[in-house]
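Peer 1: Fold the following.
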Amino acid sequence: MNRHHRFLARLAACAILASAAVAAQAAPTFQMPFPCGQAWIGSTWSGHSPAYAVDLNRGPNPDSDLGDTVVAAYGGTVSTSAYSTTTGYGNYIVINHGGGWQTLYAHLNSRSVSKGATVKRGQKIGTVGRSSAKYNLAPHLHFEERYNGSVQKIRWNGTQIPYYAKKTYTSKNCGGSGGAASGTVNTSGANLNVRAGASTSYAIVGSLADGARVTIYCQKYGQSITGTYGTSKLWNRIGTGRYIPDAYTYTGSDGRVAPDC
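Peer 2: Below you'll find the predicted structure:
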C-alpha cells in the first residue's frame with residue numbers, strides 16, 4: 001500500500017470512528033415526564049443547580065401539583081429509587097436508558113417503582129412532591145437528562161427547550177410503541193359494554209369481563225361517565241369501532257395515555 005492509499009485508509013477509519021461517536025451520543029427521543037396531553041410550565045434560570053435542569057409546575061396554586069402523576073420520559077431500568085439525605089433531591093428516581101443516557105426525577109411525594117425495575121415510556125413512576133433533606137420547597141418536579149453523568153440541555157420529542165425562560169409545554173408522552181398503551185378493565189365484578197362510539201347512545205358491539213387486559217390505540221372525548229376512577233369524558237378505542245369509558249379502565253395514570261383518535 002503506497003503513502004496515498006495509507007492516507008485515504010486513515011481518513012476512512014477516522015470517519016468511521018467519528019460516526020460511531022456521534023451514534024453513541026445520540027439521545028433517546030425523551031418525552032415530558034407527565035401523562036399525554038397535560039400542560040406544564042417549565043422554568044429554567046441562571047443559577048439553577050444543575051444549570052440544565054428544569055423545574056415543572058402547572059398550578060394555579062402553590063400546592064396544586066402535589067400528588068400529580070409523574071411518568072417515565074423513556075423506557076429503561078430504574079438504577080436509583082431512594083430518599084437522599086446528602087443532596088437536596090429528597091425522594092428521587094434515576095432511570096438508565098442505555099448508551100450512557102439517564103433521566104432523574106426529584107422532590108417526589110411518592111415513588112412507585114423500585115431499583116432494578118424495568119419501566120416503559122409513559123409508565124407511572126411516582127407523584128409530584130416537595131421532599132428534600134436540605135430545602136423547604138413548594139411542590140414541583142425537578143427533572144434532568146444526563147449523558148455519562150453530565151447533565152444535558154433538555155430535549156422533549158426531539159426539540160430542545162429554551163434557556164433561560166419560563167414556557168408552557170404540552171406532553172406528547174402517549175404510551176408505548178406507536179403511541180398505544182395498555183389498560184385493565186375494572187368494574188368491581190360486572191361486565192363492561194363495548195360501544196361502537198364514545199357514548200352509551202352507540203350500539204353495544206361486545207363486552208369485557210372485569211380484569212380484562214386491553215390495548216388502547218387512541219383516546220377521544222365523548223359522553224361523561226362516572227365509574228371506578230371517577231367521572232371522565234375520556235373514552236378509549238380498543239379496536240376498530242370499539243370503545244370503552246376511561247372511567248372504568250386502569251392505566252396507571254390519572255391523565256391521557258394514548259394519542260387522539
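Peer 1: show me the contacts for residue 203.
Peer 2: By C-beta atoms under 8 Å, 6 or more residues apart in numbering, residue 203 lies in contact with 195, 196. Using the backbone N, CA and C atoms, a C-beta is placed for each residue, glycine as well.
Peer 1: again, but for residue 223
Peer 2: Taking C-beta under 8 Å, 6+ apart as the contact definition, residue 223 lies against 198, 199, 200, 201, 233, 235, 245.
Peer 1: how about the strands in the stretch 151-261 of the chain?
Peer 2: Under the criterion DSSP state E, counting those that start in this stretch, strands of the stretch 151-261 of the chain are mapped to 155-156, 159-160, 166-170, 181-185, 192-195, 204-208, 213-216, 218-227, 230-239, 242-245, 249-250.
Peer 1: Out of the contacts of residue 223, which comes closest to residue 132?
Peer 2: Nearest to residue 132 out of these is residue 233 (C-beta to C-beta; 36.9 Å).
Peer 1: Surely the closest one and residue 227 touch.
Peer 2: No. When contacts are counted by C-beta atoms under 8 Å, residue 233 is not listed as touching residue 227 (11.8 Å).
Peer 1: List the buried residues for stretch 92-99?
Peer 2: Residues of stretch 92-99 classed as buried by neighbour count (16 or more other C-beta atoms under 10 Å): 92, 93, 94, 95, 97.
Peer 1: give me every residue that touches the third one.
Peer 2: When you say that, I think you mean residue 94. Residue 94 makes contact with 78, 79, 80, 81, 102, 103, 104, 105, according to C-beta under 8 Å, 6+ apart.
Peer 1: picking up where we left off before, I'd like to know which of the strands of the stretch 151-261 of the chain is closest to residue 43.
Peer 2: Using C-beta to C-beta, the nearest of the strands of the stretch 151-261 of the chain to residue 43 is strand 166-170, at 4.8 Å.
Peer 1: and that closest one, which strands flank it?
Peer 2: Looking at strand 166-170 with DSSP bridges, its partner strands are strand 39-43 (antiparallel).
Peer 1: Could you point out which residue ranges in the stretch 51-200 of the chain have low pLDDT?
Peer 2: Applying pLDDT under 70 to the stretch 51-200 of the chain flags residues 175-179.
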